[in-house]
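Enquirer: Sequence plus the predicted model coming up.
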Amino acid sequence: MTATEGISAAAGESEQAERAARGPLARAWSRFRKHRLAFGSLIFCSLLIITAIAAPLIAPYGYEETDIQHKLAGPGSEGHLLGTDLLGRDILSRLIYGLQTALTVAFGAELTALVLALAIGLLAGYLGGRVESLLMAFTDVMYAFPSYLFAVVMVTVLGRSIFALVVAIGIASWVTQARLVRAQVMTIKEREYVEAARSMGAKGSTIAIRYILPNAIGPILVTTSFAIPAAIAAEAGLALLGLGVQPPTPSWGAMISEGSRYLLAAPHMLVAPAVLFALTLLAFTWIGDGVRDAFDPSGEQR
């Protein structure tokens with residue numbers, strides 16, 4: 001072996017040792033940053049979240065404010081960058097507040113679904129026996145019921161509000177994640193470090209939270225990253241059916257529905273919310289792709 005080959009081999013061994021020393025989340029983050037599309041989408045979505053939080057400070061007008069003299073004004077008109085709607089309301093301002101609505105519903109619904117999935121998946125996977133049979137039977141019943149129809153029924157019962165949308169979409173979308181959590185728990189609980197913790201007298205709750213859940217976080221994050229754009233789409237879909245938030249609270253789905261009726265007279269009413277809606281869904285989906293690749297064990301060899 002030449003000196004150059006020896007140096008290269010030593011560098012390779014050093015790099016492998018460094019990778020092994022880092023935790024799984026650190027290694028996943030390193031791989032995620034190399035995924036340019038996903039990392040760019042993360043920056044874009046972070047800006048969207050900041051915009052939604054600071055909506056009252058960023059939006060040039062309130063979402064209810066009207067300018068009667070400039071109804072259906074086109075983009076670039078005086079004081080209205082993206083134009084106005086049929087009531088003279090500023091479209092840019094309503095897009096910003098609609099973003100706030102979409103993200104509030106999406107993150108709230110996914111948090112609700114994740115809590116349900118973790119509770120049911122952990123209990124079923126770790127306890128097994130009759131508990132698992134009962135919980136999985138309940139999960140199968142929920143899985144057999146169309147989730148979108150279930151959300152429609154829930155919103156109809158609870159009324160049109162952000163809270164109702166969060167609860168309806170969250171309860172309608174936890175089943176797949178619960179099955180994934182259960183499968184992960186059943187695999188991890190048989191590993192040696194879990195058996196060692198059990199033999200040392202660790203409580204079941206300690207084992208589940210401290211040893212099992214952290215090692216199942218990768219697949220859970222992947223499903224969560226894909227569930228957020230699905231929740232945004234579900235909120236918009238319910239708004240298209242007239243089951244979104246109560247007017248005049250803005251919603252992208254309601255804006256798209258309203259804009260489609262004025263496509264020829266005022267196309268900007270449809271184009272602006274439709275483009276932002278599509279870009280947001282794509283960005284969150286690309287983040288999901290990046291998270292999936294980041295937690296792929298074969299990613300170290302790529």
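Expert: On my side now, so go ahead. Numbers count the residues shown, from 1 in each chain.

Enquirer: And the helices in the stretch 101-250 of the chain, which stretches?
Expert: Remark: helices assigned in the stretch 101-250 of the chain by DSSP state H, counting those that start in this stretch are 129-144, 147-158, 162-172, 175-188, 192-199, 204-206, 217-240.

Enquirer: which residue packs closest to Ala234, ignoring adjacent ones?
Expert: Among residues not flanking Ala234 along the chain, Ile169 sits closest, at 5.0 Å (C-beta to C-beta, 6 or more residues apart in numbering). (C-beta placed from N, C-alpha, C; glycine too.)

Enquirer: Pick the most buried one from the helices of the stretch 101-250 of the chain.
Expert: helix 162-172 (a mean of 23; mean count of other C-beta atoms under 10 Å).

Enquirer: mind exporting stretch 148-167 as PDB, just the C-alpha atoms?
Expert: Only the C-alpha atoms of stretch 148-167 are listed here, as PDB (Å, rounded to 0.1, in the frame of the first residue of the first chain):
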ATOM      1  CA  TYR A 148     -62.900  12.400   4.000                       C
ATOM      2  CA  LEU A 149     -66.600  11.500   4.500                       C
ATOM      3  CA  PHE A 150     -65.900  11.200   8.200                       C
ATOM      4  CA  ALA A 151     -64.400  14.700   8.200                       C
ATOM      5  CA  VAL A 152     -67.500  16.100   6.400                       C
ATOM      6  CA  VAL A 153     -69.800  14.500   9.000                       C
ATOM      7  CA  MET A 154     -67.700  15.800  11.900                       C
ATOM      8  CA  VAL A 155     -67.700  19.400  10.600                       C
ATOM      9  CA  THR A 156     -71.400  19.200  10.000                       C
ATOM     10  CA  VAL A 157     -71.900  18.100  13.600                       C
ATOM     11  CA  LEU A 158     -69.400  20.400  15.300                       C
ATOM     12  CA  GLY A 159     -70.100  23.500  13.100                       C
ATOM     13  CA  ARG A 160     -67.900  25.500  10.800                       C
ATOM     14  CA  SER A 161     -64.900  26.700  12.800                       C
ATOM     15  CA  ILE A 162     -61.100  26.300  12.900                       C
ATOM     16  CA  PHE A 163     -61.500  24.100  16.000                       C
ATOM     17  CA  ALA A 164     -64.000  21.800  14.200                       C
ATOM     18  CA  LEU A 165     -61.700  21.500  11.200                       C
ATOM     19  CA  VAL A 166     -58.800  20.600  13.400                       C
ATOM     20  CA  VAL A 167     -60.700  17.900  15.300                       C
END
